[in-house]
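>>> sequence unknown, structure follows:
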């Protein structure tokens, strides 16, 4: 999250009104519901994990052992099993 200076984006009268409630403190203004992003969408983490999971499943279907996949991806065998189960769906 990047901070913005209120004086740069808000009208002066609105700043004065907000100061009546919150003078000099930090104020978080949440996104509008329709603009919310789900976890990992903004920085690409979700896509990267989905790509990794598809690759793990593909390698599993091609004969890779769960223990091998776990070691290569620094995951537990349980996590590999969860990924395989989820990718089957």
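Arrived safely. Everything quoted here is computed from the prediction, not taken from an experiment. Residues are numbered from 1 along each chain as shown.
>>> going forward, measure contacts and count neighbours with C-alpha atoms only.
Noted.
>>> what about residue 84, neighbour count?
If you count neighbours by other Cα atoms under 10 Å, residue 84 ends up with 19.
>>> check which helix or strand covers it.
helix 77-88 (DSSP states H and E).
>>> end to end on stretch 3-19, go ahead and measure it.
Using Cα to Cα, to the nearest Å, the end-to-end distance of stretch 3-19 comes to 17 Å.
>>> for residue 82, see how far away residue 59 is.
From residue 59 to residue 82 the distance is 15 Å (Cα to Cα).
>>> do residue 15 as well
50 Å.
>>> list the contacts of the lowest-mean-pLDDT helix or strand in the chain.
When the helices and strands of the chain are compared on mean pLDDT, DSSP states H and E, helix 6-9 comes out lowest with a mean of 90. Helix 6-9 has contacts (Cα atoms under 8 Å, 6 or more residues apart in numbering) with residue 15.
>>> swap in stretch 24-39?
With Cα under 8 Å, 6+ apart, stretch 24-39 has contacts from residue 46.
>>> just use 52 as the starting number from now, easier for me
Done: numbering now begins at 52, and the last item shifts to stretch 75-90.
>>> how far out from the middle of the chain is it?
Its chain's C-alpha centre and that of stretch 75-90 lie 15 Å apart, by Cα atoms, centre = their mean, to the nearest Å.
>>> same question for stretch 69-88.
Worked out by Cα atoms, centre = their mean, stretch 69-88 lies 21 Å from the chain centre.
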